[in-house]
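S.K.: Below are the sequence and a predicted model for it; my questions follow.
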Amino acid sequence: METQPGPRQPAHGPWGRGGGAAGNGHTHEPSLALHIEDLTVSYGYRPVLWDIDLDIPPGVLGAVVGPNGAGKSTLIKAVLGMVPIAAGHIYVFGRPHREQLHRIGYVPQRTSVDWDFPTTALDVVTMGLYGQLGWIRRPGRRERQKAWEALEQVGMEGYADRQISQLSGGQQQRVFLARALVQDADLYLMDEPMAGVDATTERHIIELLKDLRTRGKTVLVVHHDLQTVPQYFDWLVLLNVRIVAQGPMDQVYTLENLRRTYGGQISLLQDLPGGPGQAGQDRPAQQADAREE
Amino acid sequence: MAGLWELFTDFTVRNAVMGAVLLGILSGVLGTFAVLREQSLLGDALSHAALPGICIGFLIAGGRQLLPLMLGALAAGAVAALLVLLLTQHSRLKPDASVGAVLSTFFAVGTVLLTYIQNRQLPGQAGLDSFLFGQAAAILPSDLWVMAAVTAVGLGLVALFWKEFKLVTFDPGFARSLGWRVPVLEALLTSMIALAVVVGLQMVGVVLMVAMIIAPAAAARQWARRLETMVALAAVFGAISGTAGTLVSLLRPGLATGPLIVLAATGVVLVSLLAAPQRGLLWQRVQQRRTRAAIARGQVLVDLLQLARAHGDEGFATEQGMLDAVYGADAHPALRQLEREGLVKPLPPQHGKGTQWHLTPKGQAEARRLLDEGEE
């Protein structure tokens, strides 16, 4: 039973599809960190996500890759219940996603907030605990201690009292990361956490992500740099409104799949490795999707 | 002097000042959230929309009791806010155009109703037009109780939902990801702006009320580094402007209170925009000059070294005229600064020549260090 008859369905073996996942479309797949069935999201009349079926096993460090307007951010927001769903179901660790929001940590795009807001880095990190605190209760010493430890993890403890408007872009990004860390979630969804940060910060962030994976967390990251995708991640979701391919990095990261994802923007991909094991490129094809808008 | 003392003990004055303080505190606190959420214009729509509400409240109640007028204003504000929302979501109007359309339409309806009431010579309508620009002297003790109750409700809600309001204002997306009902919280914040408007009806009037939402918060933003401080400062600024405007309007009977309060608030904003540390224009100017002076200092030092090296002696003196030619007015202060640091020394002016400067041994070392740094 094929659940995705779309023309862009990858021809060769996406992970698990047609095998174990097929035939039991009504179970909630408790063995999966994230399980999405037939998800469609549209803004107005324009479909942003079309008939998405997605399975993310626990413990992977996955990348969501695709051109601009592919619906990468929308996919994350749909899982977090932030956008209305036209059709479909989303399960997180086997239960409907809206019941599981406390198990999801979220790193929004850095540019989604006004950093001129009058507050400190430590205070922003403390906001990650607001969900656990529940209504009305204020954060106290224990919460500030946790936030401080998260700042230490991202190497920002020296900036705890700094105005957030005075932080650099990379530092702001690390504050957002620390805010997600204090959520102590099981599934982390991150929207371009490495956009606009310097090389040192990027290395620091990817080490943190790998550390999360080591601790058994599941991490799904919207990423824009095709060049670094195979180095950083072990799972890949190729998205362009529909799912083009998904699965372990070494099976999915092929030139053929990338070409189908990016369509007319093939020229951007010519310098990329045709498959796994062909590292060492001279020109990075970074921000392939940053050129459209 | 005796006149001023009488003023403070006067019954009317006490009422008016207490009203002004209440209004200043509430509009300052709620205005902080409106300004940070970039929703100040919605406050303008809510206050202009209050006018038809006041008139309808008057017609229904048959008199000028504050409570029915306030309820009318609140209801009209709610309808206006809803209309803005509907227009933005379901028409092609942009938010600013929607706010403008609703604001002017409601105000027009209000003006028509007001004229109707005045022409009918209905009993008790005298002074209803003071709701346009505010009249502090018209405040009664019973009005104060109503204003105090509304202020208490507003402040209580902010205290209760402090953490929620803060996160929804800073990062509504993240708040949603926590499963919070963000639209409900946002609606609550917006309704509270309507509360502030209602409290300001008699003091400031509907036309200028938006200034009481924006001005104290905008001034406070200049000084504050935390949301707590900003809210507190905005309350203080609001109370001070309210009191100042009210006192002036009572000293000069016939002057509407609203414009005077708004002028006082504008004064606070101007001082804050100019003088606040870090964000103030003066501070930034001073900072710019410091940076410029520091750059000129370093460049003059390195130039002196290179000019001297051209003569084969790092202690060789250079005429100030050469530096003036390059750095203009910056040269002299830079040299004075370097002299104070003991890095350069002037030679006594010789016949036919201007002042000459040479590097001290300490200055030569510092210049070499800067030069090496620059080459790296």
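M.R.: Yep, that arrived.

S.K.: which residues does the nearest residue to B:Val204 once chain neighbours are set aside contact?
M.R.: Excluding its sequence neighbours, the residue lying closest to B:Val204 (C-beta to C-beta, 6 or more residues apart in numbering or on different chains) is B:Gly258, at 4.0 Å. Any C-beta I mention is one placed from the backbone N, CA and C, and that applies to glycine too. Contact analysis of B:Gly258 by C-beta atoms under 8 Å, 6 or more residues apart in numbering or on different chains lists B:Phe133, B:Gly134, B:Met203, B:Val204, B:Gly205, B:Val207, B:Leu208, B:Met209, B:Gly245.

S.K.: Count the residues that sit near the residue nearest to the fifth one when sequence neighbours are not counted.
M.R.: Beyond its immediate neighbours in the sequence, the residue positioned closest to B:Gly205 (C-beta to C-beta, 6+ apart) is B:Gly134, lying 3.7 Å away. B:Gly134 is flanked by 31 other residues according to other C-beta atoms under 10 Å in any protein chain shown.

S.K.: Enumerate the residues of the stretch 101-250 of chain A near chain B.
M.R.: A:101-102, A:104, A:106, A:108, A:112-114, A:117-120, A:123-124, A:127, A:130-131, A:133, A:135-139, A:163, A:179 (C-beta under 8 Å from any C-beta of the partner chain).

S.K.: Just these: which are in strands?
M.R.: A:Ile104, A:Tyr106 (DSSP state E).

S.K.: Any of the residues of the stretch 101-250 of chain A next to chain B buried? List them.
M.R.: Buried members of these, scored by 16 or more other C-beta atoms under 10 Å in any protein chain shown, are A:101, A:104, A:106, A:108, A:113, A:117-120, A:123-124, A:127, A:130-131, A:139, A:163, A:179.

S.K.: Could you name the helices and strands sitting against the helix or strand encompassing B:Ala331?
M.R.: In the assignment (DSSP states H and E), B:Ala331 maps to helix B:331-340. If you count contacts as 3 or more C-beta pairs under 8 Å, 6 or more residues apart in numbering or on different chains; DSSP states H and E, helix B:331-340 packs onto helix B:281-310, helix B:320-327, strand B:344-347.

S.K.: Give me the distance from the first one to the chain's centre.
M.R.: Put plainly, it is helix B:281-310. 35 Å (C-alpha atoms, centre = their mean, to the nearest Å).

S.K.: between that helix and helix B:320-327, what angle do the directions make?
M.R.: 130 degrees (axes from the mean of the first three to the mean of the last three C-alpha atoms, to 10 degrees).

S.K.: check whether helix B:281-310 contacts chain A.
M.R.: No - counting by C-beta under 8 Å from any C-beta, chain A is not contacted by helix B:281-310; separation bottoms out at 13.4 Å.

S.K.: what comes up buried for stretch B:224-234?
M.R.: For stretch B:224-234, by 16+ other C-beta under 10 Å, it's B:Ala224, B:Arg225, B:Leu227, B:Met230, B:Val231, B:Ala232, B:Leu233, B:Ala234.

S.K.: Let me know the average pLDDT across it.
M.R.: The average pLDDT within stretch B:224-234 is 95.

S.K.: and what of stretch A:35-47?
M.R.: 88.

S.K.: One more: stretch A:78-87?
M.R.: 92.

S.K.: same check, this time on stretch A:136-143
M.R.: On average, stretch A:136-143 scores 88.

S.K.: could you list every residue that touches B:Gly19?
M.R.: B:Ala136, B:Ile139, B:Asp143, B:Leu144, B:Met147, B:Gln202, B:Met203, B:Gly242, B:Thr246.

S.K.: of all those, which comes closest to chain A?
M.R.: B:Gly242 (23.1 Å; C-beta to the nearest C-beta).

S.K.: How many neighbouring residues does that closest one have?
M.R.: 33.

S.K.: As a check, name the ranges of all strands in chain A.
M.R.: Going by DSSP E, chain A shows strands at A:34-43, A:46-56, A:61-65, A:87-92, A:95-96, A:104-107, A:187-191, A:218-222, A:235-240, A:242-248.

S.K.: Which one of these lies nearest to B:Ala50?
M.R.: Nearest to B:Ala50, of all the strands of chain A, is strand A:34-43, at 34.9 Å by C-beta to C-beta.

S.K.: For the residue nearest the centre of chain B, which non-adjacent residue is closest in space?
M.R.: With distances taken as C-alpha atoms, centre = their mean, the residue of chain B nearest its centroid is B:Ala218 (2.0 Å). What sits nearest to B:Ala218 in space, not counting adjacent residues and going by C-beta to C-beta, 6+ apart, is B:Val269, at 5.6 Å.

S.K.: repeat for B:Val146
M.R.: B:Leu66 (5.2 Å).

S.K.: B:Leu144 is in contact with that neighbour, correct?
M.R.: No - applying C-beta atoms under 8 Å, one finds B:Leu66 not in contact with B:Leu144, separated by 9.4 Å.

S.K.: Tell me which of the two has more neighbours.
M.R.: B:Leu66 (22 against 17).

S.K.: list the contacts for the residue nearest to B:Gly205?
M.R.: So B:Gly134 contacts B:Gly200, B:Leu201, B:Gln202, B:Met203, B:Val204, B:Gly205, B:Leu208, B:Ala256, B:Thr257, B:Gly258, B:Ile261 (C-beta under 8 Å, 6+ apart).

S.K.: So which of these wins on neighbours?
M.R.: B:Val204 (36 neighbours).

S.K.: Mind checking what secondary structure it has?
M.R.: At B:Val204 the chain is in coil, as set by DSSP: H, G, I helix; E, B strand; the rest coil.

S.K.: Any chance of the backbone angles for it?
M.R.: Dihedral pair for B:Val204: phi -110, psi -30, per degrees, to the nearest 10.

S.K.: Contacts only, for whichever residue of the stretch 1-150 of chain B sits closest to chain A.
M.R.: Residue nearest to chain A within the stretch 1-150 of chain B: B:Leu36 (6.5 Å; C-beta to the nearest C-beta). Contacts of B:Leu36 were listed using C-beta under 8 Å, 6+ apart, and they are A:Asp114, A:Phe117, A:Pro118, B:Thr169, B:Phe170, B:Ala217, B:Arg221.

S.K.: make it 10 Å
M.R.: Residues in contact with B:Leu36 (C-beta atoms under 10 Å, 6 or more residues apart in numbering or on different chains) are A:Asp114, A:Asp116, A:Phe117, A:Pro118, B:Phe165, B:Lys166, B:Thr169, B:Phe170, B:Ala217, B:Arg221, B:Leu227, B:Met230.

S.K.: Out of those, which two sit at the greatest distance?
M.R.: For these, the farthest-apart pair by C-beta to C-beta is A:Asp116 and B:Phe165; their separation is 17.5 Å.

S.K.: Mind checking which of these two has more residues around it?
M.R.: B:Phe165 (25 against 11).

S.K.: Which of the residues of the stretch 101-250 of chain A next to chain B fall in helices?
M.R.: A:Asp123, A:Val124, A:Tyr130, A:Gly131, A:Leu133, A:Arg179 (DSSP state H).

S.K.: Name the nearest of those residues relative to chain B.
M.R.: Among those, and counting by C-beta to the nearest C-beta, the member closest to chain B is A:Gly131, at 3.7 Å.
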